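>>> got a sequence here, can you build the structure:
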Amino acid sequence: MAKRVIKRPDWLKAPHVIDIYSVSNCQSENFADYIPFWKHNGYWLFDSPEIIRNVAKDNAIQLEGTSLFYYEAYEEEFDGERWIHWSGEPSFPTNVVVPSRKELEGFDVVNFTARTSPECSGLSCSSLARDLHINAHCLFASFNEAETNLSNGAFNESEPGPYRIFSVYSVDWS
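Residues are numbered from 1 along each chain as shown. The predicted model follows:
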């Protein structure tokens with residue numbers, strides 16, 4: 001996904017956060033409202049940077065100033081009480097091109113009440129970053145931290161679930 005990364009907003013009382021690398025569109029916005037173009041895969045994201053470039057070109061959308069991210073989704077989601085297997089929507093072709101170079105930035109927890117595209121990232125959208133141990137990009141440093149905080153109820157008073165964990169990688173556009 002190509003995103004317009006923002007600096008930590010003043011209302012987010014987590015001074016160690018520099019910017020927001022969330023999977024959700026709430027703070028650091030996606031390059032476009034992309035769903036109506038129907039070029040996303042079964043995970044409601046893109047298979048490659050080339051598809052993003054083509055969508056942008058075909059629809060006169062500027063990519064300047066965006067950062068490119070690659071996500072890997074954990075195959076289970078948490079419904080607030082238990083972990084349940086999930087997978088991408090099978091009616092959409094999914095042929096993800098794994099970047100040859102990627103840098104792990106951390107792990108995000110995103111809610112999926114509609115069961116389609118990413119909704120809210122509780123760490124930034126619900127200000128959970130204020131009370132949880134997260135990194136400078138408003139992400140958990142490890143998968144175990146994300147899973148433990150979910151399982152222990154840290155997200156219970158934020159956005160409604162189910163919740164999915166994503167590893168967030170920064171990728172060079174080249």
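
>>> a strand runs through V110, doesn't it?
Yes - counting by DSSP: H, G, I helix; E, B strand; the rest coil, V110 is located in a strand.

>>> where in this structure is the helix or strand with the lowest mean pLDDT?
helix 122-125 (a mean of 92; mean pLDDT, DSSP states H and E).

>>> C-alpha coordinates for that helix, CSV please?
The C-alpha trace of helix 122-125 is given here as CSV (Å, rounded to 0.1, in the frame of the first residue of the first chain):
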residue,chain,number,x,y,z
GLY,A,122,-6.4,1.0,17.8
LEU,A,123,-2.8,2.1,18.7
SER,A,124,-3.3,5.4,16.8
CYS,A,125,-7.1,5.7,16.2
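
>>> who touches it?
With contacts defined as CB atoms under 8 Å, 6 or more residues apart in numbering, helix 122-125 is touched by 12, 20, 22, 24, 26-27, 108-111, 128-129, 132, 134, 138-140, 155, 158-159, 163. Where C-beta positions appear, they are placed from N, C-alpha and C, glycine not excepted.

>>> what's the answer for stretch 84-93, then?
So stretch 84-93 is in contact with 40-44, 75-78, 94, 116, 162, 164, going by CB under 8 Å, 6+ apart.

>>> ok, of those residues, which come out buried?
The neighbour count (16 or more other CB atoms under 10 Å) marks 40-44, 77-78, 162, 164 as buried among the contacts of stretch 84-93.

>>> that older thread, only the buried subset of the contacts of helix 122-125, as a ChimeraX command please.
Buried residues among the contacts of helix 122-125 (16+ other CB under 10 Å), as a ChimeraX selection:
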select :12,20,22,24,26,27,108,109,110,111,128,129,132,134,138,139,140,155,158,159,163
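
>>> please, where are all the strands along this structure?
Assigned by DSSP state E, the strands in the chain fall at 2-4, 29-30, 67-78, 83-85, 103-111, 163-171.
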